[in-house]
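[1] 3D model of this:
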Amino acid sequence: MIDRRVEDWCVQAMTVQEFKPRGAGDGQPAGDILSPPEVLDNDKEAGYREVFLPQDSENLLGRVLAEFDGTTVLCRVCGDKASGFHYGVHSCEGCKGFFRRSIQQKIQYRPCTKNQQCSILRINRNRCQYCRLKKCIAVGMSRDAVRFGRVPKREKARILAAMQQSSHSRSQEKAVAAELEDEQRLLQTVVRAHLDTCDFTRDKVAPVLARARETPNYTACPPTLACPLNPNPQPLTGQQELLQDFSKRFSPAIRGVVEFAKRIPGFNLLAQDDQVTLLKAGVFEVLLVRLACMFDGQTNSMICLNGQVLKRDSIHNSNARFLMDSMFDFAERVNSLRLSDAELGLFCSVVVIAADRPGLRNTDLVERMHNKLRSALQSVLAQNHPQHPDILRELLKKIPDLRTLNTLHSEKLLAFKMTEQQQQLQAQQQAQQQQQQQ
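    Numbers count the residues shown, from 1 in each chain. Here you go, the predicted structure:
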């Protein structure tokens with residue numbers, strides 16, 4: 001239902017900066033701290049090796065993200081800025097040198113006098129060497145571990161890109177959480193968005209419905225009817241003309257749904273691909289919810305935009321009979337709940353923000369948005385329908401019905417397009433045959 005999809009992404013090359021050690025902060029010689037990543041003589045004697053193993057890069061990446069504070073990789077021991085992957089963990093130059101000296105020289109540190117529970121931080125890491133070595137071992141530093149040293153540029157670029165994405169995701173989640181935190185403001189924003197973008201609210205439709213009941217002008221359903229809003233009682237000529245008319249009639253309503261979705265708090269903070277995925281999957285479903293009030297159960301008819309009334313019986317000869325029958329049934333079930341425009345607007349937001357849409361990237365974030373919107377809908381329904389405690393459960397049961405109708409609608413349009421292509425091909429073949437005969 002969306003005419004076009006925005007797929008152009010700005011891909012910017014990352015400028016990778018080398019990790020730089022902070023300097024000698026633990027009393028070891030400066031040359032030791034600033035030494036290049038090649039294997040030191042002492043390391044050779046102790047059996048250490050300085051290599052980079054690509055097959056371990058995924059494990060490395062996972063650990064990097066766990067040790068990332070949003071701007072840089074942190075030392076697992078003291079929390080200082082890590083200079084690389086040393087002895088199996090990310091660590092700073094100070095803790096790397098401390099661990100190397102401790103195990104190479106087999107130093108026995110004086111036992112801790114504070115119950116061996118000292119907190120090891122950058123500002124106090126030299127205070128208790130016993131607990132510092134204990135912390136090194138606890139976080140995974142080992143003489144048997146492969147020592148990566150400073151990570152190669154290519155791998156570092158990939159790690160930094162992943163860290164940047166992780167940081168962006170966390171910022172995105174915080175921004176969305178802030179947007180949805182105030183439930184009252186969330187309610188007001190969604191309801192106002194629905195009222196401003198929907199031409200089929202009950203208040204707007206009520207006068208048209210009343211006039212249609214007073215002076216019914218029933219018309220037979222055209223054999224090629226596909227659009228429930230089509231006010232033209234005359235059958236259209238050709239499938240292509242039908243599709244063009246269908247698209248034209250629905251375009252304002254589609255734009256209204258798109259604008260509504262963009263005004264749902266948090267929607268514009270989602271990745272652009274996720275926005276498009278949610279819209280493509282949910283536009284027709286939201287339209288069906290919005291159009292439910294156009295189906296009049298009292299007269300078993302549908303009100304068209306121009307005030308004409310289509311009786312349900314007249315669609316039995318239509319090529320969209322099953323789809324239209326299903327739409328009538330759905331509208332009847334929705335209307336039986338007697339929901340207000342505000343409640344329908346909130347329900348539409350729950351329909352749009354659905355984490356089970358195929359192709360979504362950040363399903364967790366969409367799921368959190370969905371739960372917030374559903375909680376807001378539940379609050380309003382509980383307040384407005386105290387005598388009907390199961391109304392939310394009944395309303396949510398309509399979502400699978402919407403999915404089915406969406407599929408039927410897509411299949412119908414696909415069939416129309418295939419028929420049109422076949423007709424065009426036949427026309428071309430006939431024209432070629434006529435030319436050959438001449």
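[2] residue ranges with poor pLDDT in this protein?
    For the chain, applying pLDDT under 70 flags the ranges 1-72, 145-169, 172, 215-250, 304-309, 312, 314-323, 409-429, 438.
[3] And the strands in the stretch 151-300 of the chain?
    Ranges of strands within the stretch 151-300 of the chain are 218-219, 295-296, based on DSSP state E, counting those that start in this stretch.
[4] can you list contacts of the last one?
    Pointing back at strand 295-296 there. The contact list for strand 295-296, computed with C-beta atoms under 8 Å, 6 or more residues apart in numbering, reads Leu209, Ala212, Arg213, Ser301, Met302, Ile303, Val309, Met327, Phe328, Ala331, Glu332, Asn335. (Each C-beta comes from the backbone N, C-alpha and C, glycine too.)
[5] That strand pairs with which strands?
    Here strand 295-296 is paired, per DSSP bridges, with strand 301-303 (antiparallel).
[6] CA atoms only: put stretch 375-385 into CSV for me.
    In CSV, the C-alpha atoms belonging to stretch 375-385 read as follows (Å, rounded to 0.1, in the frame of the first residue of the first chain):
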residue,chain,number,x,y,z
SER,A,375,-1.1,-0.8,28.6
ALA,A,376,-2.4,2.7,27.8
LEU,A,377,-5.3,1.1,25.8
GLN,A,378,-6.1,-1.2,28.8
SER,A,379,-6.2,1.7,31.2
VAL,A,380,-8.7,3.6,29.0
LEU,A,381,-10.9,0.5,28.4
ALA,A,382,-10.9,-0.3,32.1
GLN,A,383,-12.0,3.2,32.9
ASN,A,384,-14.7,3.5,30.2
HIS,A,385,-16.0,-0.1,30.3
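[7] Tell me the buried residues in it?
    Residues of stretch 375-385 classed as buried: Ala376, Leu377, Gln378, Val380, Leu381, His385 (neighbour count, 16 or more other C-beta atoms under 10 Å).
[8] Count the neighbours of the closest residue to the last one other than its chain neighbours for me.
    The reference is to His385. Distance criterion C-beta to C-beta, 6 or more residues apart in numbering; nearest residue to His385, sequence neighbours excluded, is Ile391 at 4.9 Å. Residues lying near Ile391 (other C-beta atoms under 10 Å) number 20.
[9] what are the ranges of the strands in the stretch 301-438 of the chain?
    Under the criterion DSSP E, counting those that start in this stretch, strands of the stretch 301-438 of the chain are mapped to 301-303, 309-311.
[10] Mark which of the contacts of strand 295-296 are buried, thanks.
    If we count by 16+ other C-beta under 10 Å, the contacts of strand 295-296 have these buried: Leu209, Ala212, Ser301, Met302, Ile303, Val309, Met327, Phe328, Ala331.
[11] picking up where we left off before, the residue nearest to His385 reaches Leu337, doesn't it?
    Yes. Because the distance of 6.3 Å satisfies C-beta atoms under 8 Å, Ile391 is recorded as touching Leu337.
[12] Which residue, neighbours along the chain excluded, lies closest to Arg290?
    Phe200 (4.8 Å).
[13] what are the phi and psi values for the one you found?
    For Phe200, the backbone dihedrals (degrees, to the nearest 10) come out as phi -120, psi 30.
[14] right, and it touches Met294 too?
    Yes. Between Phe200 and Met294 there is a contact under C-beta under 8 Å: 6.1 Å.
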